[in-house]
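> sequence-free structure coming up:
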Ligand SMILES: C/C(=C\CNc1ncnc2c1ncn2[C@@H]1O[C@H](COP(=O)(O)O)[C@@H](O)[C@H]1O)CO
């Protein structure tokens, strides 16, 4: 029997009032026959995947923001360092990551990375060995890897978008080492936030002109040439080769940034 006592759900006279209300949501017809949230909650139905429903996910998402904001709010000045999870330890880019981490700490900044291997590990290692605050914002992935051993303050996230908010909100700038899709995602998100003035005074520095040069050439020759970006958007990013130049460039532009 349906919640409206067997009346035909499709007749107009039976559709004036909602058969059931669920907070802001009104339900009629077949939709009204679904189990209520509190039934899910109170019935111990093992097979009911309540924790896989979207409303439940909202709470988990919220808890990631609460945990991240709570843990990082007293971090002090920090720079987020990005780069490939696959950079081998004997790569020159790994050595650059270590140096960037060390120089940032010597300049009085905490270092925030994705907490993973490769370039992230390198920057955390440099920061940790220099005696600074080494932060890792880990991401839960199907292939579990865990936080690299040089992270002193680690937070694990399930959602990329919650984690990405932390990288911007608690840093005064980005330094980006060579990387793949993940690094490009973080780079282009930061560029978009600055371009659209969602963040102000937020320097973005790329290290490695041989690696980034072709991308930057395409940005200029294709995006700019086709009017997809403006000339001033090109100035959002600095391109350097040395860790010391990267740190100098990022710190020169940080004044005044207070987060999104
Ligand atoms: C794919 C591999 C390891 C994945 N582990 C990661 N741990 C933490 N953060 C990660 C991981 N993979 C990607 N990220 C984020 O994206 C950026 C690196 O991605 P890329 O595609 O390697 O450039 C990095 O800055 C992280 O924030 C090992 O094979």
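Alright, I've got the coordinates. Given the structure is predicted, the values throughout are model-derived calculations rather than measurements.
> ok, which stretches of the protein are helices?
Along the chain, counting by DSSP state H, helices occupy 37-42, 54-72, 92-106, 119-129, 160-169, 181-195, 209-218, 243-252.
> closest to the ligand out of these?
Nearest to the ligand, of all these, is helix 181-195, at 2.2 Å by C-beta to the nearest ligand atom. C-beta: built from backbone N, CA, C; applies to glycine.
> which parts of this structure sit against the ligand?
82-86, 114-117, 120, 138-139, 141, 145, 179-183, 186 (C-beta under 6 Å from any ligand atom).
> rerun at 8 Å
82-86, 113-120, 136-139, 141, 143, 145, 163, 167, 179-186 (C-beta under 8 Å from any ligand atom).
> tell me the confidence at residue 236?
At residue 236, the pLDDT value in this model is 88.
> burial count for residue 89?
Using other C-beta atoms under 10 Å, residue 89 has 12 other residues around it.
> check what pLDDT it gets.
The model reports residue 89 with a pLDDT of 98.
> ditto for residue 65
pLDDT, read off for residue 65, is 96.
> contacts only, for the nearest residue to it once chain neighbours are set aside.
Computed as C-beta to C-beta, 6 or more residues apart in numbering, the closest residue to residue 65 that is not its neighbour in sequence is residue 162, at 5.6 Å. Applying C-beta atoms under 8 Å, 6 or more residues apart in numbering to residue 162 gives the contacts 61, 64, 65, 68.
> how far away is the third one from residue 80?
As for residue 65, its distance to residue 80 is 17 Å (criterion: C-beta to C-beta, to the nearest Å).
> these two: who's more crowded?
Neighbours were counted for residue 65 and for residue 80 using other C-beta under 10 Å; residue 80 has more, 28 against 16.
> got the contact list for that one?
Counting by C-beta under 8 Å, 6+ apart, residue 80 has contacts 112, 113, 167, 168, 171, 173, 174, 175, 186.
> ok, now with 7 Å
Residue 80 makes contacts with 112, 167, 171, 174, as judged by C-beta atoms under 7 Å, 6 or more residues apart in numbering.
> same thing with residue 210?
Here residue 210 is in contact with no residues (criterion: C-beta under 7 Å, 6+ apart).
> point me to the residue sitting closest to the centre of the protein.
The centre of the chain sits closest to residue 164, judged by C-alpha atoms, centre = their mean, with a distance of 1.4 Å.
> tell me the confidence at it?
Looking at residue 164, the pLDDT reads 95.
> before we move on, what about the one 4 residues further on?
At residue 168 the predicted local confidence, pLDDT, stands at 95.
> again with the one 10 residues further on
Residue 178 carries a pLDDT value of 98.
> and residue 23, by the same measure?
On the pLDDT scale, residue 23 gets 50.
> again with the one 5 residues further on
At residue 28, the pLDDT value in this model is 67.
> what's the answer for residue 36, then?
49.
> before we move on, what about residue 49?
pLDDT at residue 49 comes out at 67.
> low-scoring stretches of the stretch 1-150 of the chain, by residue?
1-52, 144 (pLDDT under 70).
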